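Undergrad: Just to be clear, the model below is a prediction. Sequence and coordinates:
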Amino acid sequence: MKSTFRILLIGFLFAVQCSFAQKATSTRWKGKQAAVVLTYDDALNVHLDNVVPALEAHQLKGTFYLSAFFPGSKSRIEDWKKAAALGHELGNHTLYHPCDASLPGRSWVSPDNDLHNYTTEQILKEILMTNVFLESLDGQKERTFAYTCGDTATGEGSFMEEIEDDFVASRGVRGALNVIGNINLLNVDSYGINGESGEDLIQLVKEAQEKNALITFLFHGVGGEHNLNVSLEAHQMLLDYLAENKETIWTTTMLDAAKHVKELQH
């Protein structure tokens, strides 16, 4: 009798555990299988000319990381204001886009733009000044950041924790899915895209769906204007897939995804 009762109790507890697990999974991404964040770096003209209209046609929103001194930022201020008014996120990508020239393959970085030669105070001033610029465009106080070239340190060391209180999250460049419980909002993983096909991009989203994960895409050129580029056709295929699967995929901005992750991981 006791043995039967024990078996029934174990079965009941297992059922309750499964029920809670299913509920947690179903509510993880607003009731969807996965979350997708589309990010675009460097304030390129193609982002305004190609990407924003394509996103709007699909009723999707993207995150655009602007380096304030870049031509595509300062010469198209009114267009960025319009993009923000449509609900697209304007993120911080520093003032001058410094990168660490001491790393392999960085011979293209000029001495005055070498993050390795910066002090931490210098990069912090540059980042905070860019926040002022972005607020003048969209009026927003909450914001996310994207490390330039994925670099997180000056010659004095890491500045990641120094900017933690200024941003809801910061996007990195490591190509990996983001799974609840293990998401580092100080350095969110993303897939840098360069030459992949539409099928390749869709397959990445399907993997995120299978693993109930957040996937972040990192685009530069879309149809040109950058040596890191994805074709218009491939980008369009990805947007088509996301739009056709809105019932199972939550496509959102980095800011909204990060705020949701904070709630879940707490």
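TA: Thanks, I have it. Residues are numbered from 1 along each chain as shown.

Undergrad: could you pull out the helices for the stretch 1-150 of the chain?
TA: Here the stretch 1-150 of the chain has its helices, by DSSP state H, counting those that start in this stretch, at 2-27, 45-46, 52-57, 71-74, 77-85, 120-138.

Undergrad: ok, of these, where does mean pLDDT dip lowest?
TA: Among the helices of the stretch 1-150 of the chain, helix 2-27 carries the lowest mean pLDDT, a mean of 47.

Undergrad: need the longest strand for this protein.
TA: strand 34-41 (DSSP state E).

Undergrad: Packing partners of that one?
TA: strand 63-66, helix 198-210, strand 214-219, strand 249-252, helix 254-265 (3 or more CB pairs under 8 Å, 6 or more residues apart in numbering; DSSP states H and E). Quick note: C-beta positions are derived from backbone N, CA and C, even for glycine.

Undergrad: Give me the contacts around the first one.
TA: Among residues not part of strand 63-66, those counted as contacts by CB atoms under 8 Å, 6 or more residues apart in numbering are 37-43, 47, 72-73, 80, 83, 88-93, 130, 133-134, 144-146, 171, 253-255.

Undergrad: Please apply the same query to the fourth one.
TA: Contacting residues not belonging to strand 249-252 are listed as 29-30, 32-38, 60-61, 205, 209, 242, 260 [CB under 8 Å, 6+ apart].

Undergrad: So which residues make contact with the longest strand of the chain?
TA: With CB under 8 Å, 6+ apart as the criterion, strand 34-41 contacts 29, 47, 51, 55, 60, 62-65, 91, 93, 146, 171, 190, 205, 208-209, 211-220, 222, 242, 248-254, 257, 260.

Undergrad: Out of those residues, which end up buried?
TA: For the contacts of strand 34-41, a burial check counting by 16 or more other CB atoms under 10 Å picks out 29, 47, 51, 55, 60, 62-65, 91, 93, 146, 171, 190, 205, 208-209, 212-220, 222, 242, 249-254, 257, 260.

Undergrad: For the chain, give me the ranges with low pLDDT.
TA: 1-27 (pLDDT under 70).

Undergrad: what's the burial count for the residue nearest to Asn229 when sequence neighbours are not counted?
TA: Excluding the flanking residues, the one nearest Asn229 by CB to CB, 6 or more residues apart in numbering is Gly221, at 3.5 Å. By other CB atoms under 10 Å, 22 other residues sit near Gly221.

Undergrad: hang on, Gly221 packs against Ser231?
TA: No - Gly221 is not in contact with Ser231 according to CB atoms under 8 Å; the separation is 9.4 Å.

Undergrad: Would you confirm that Arg141 contacts Glu135?
TA: Small correction: residue 141 is Lys, not Arg. Yes - contact criterion CB under 8 Å: Lys141 and Glu135 qualify, at 7.0 Å.

Undergrad: Those two - which one has more neighbours?
TA: Per other CB under 10 Å, whichever of Lys141 and Glu135 has more neighbours is Glu135, with 13 against 7.
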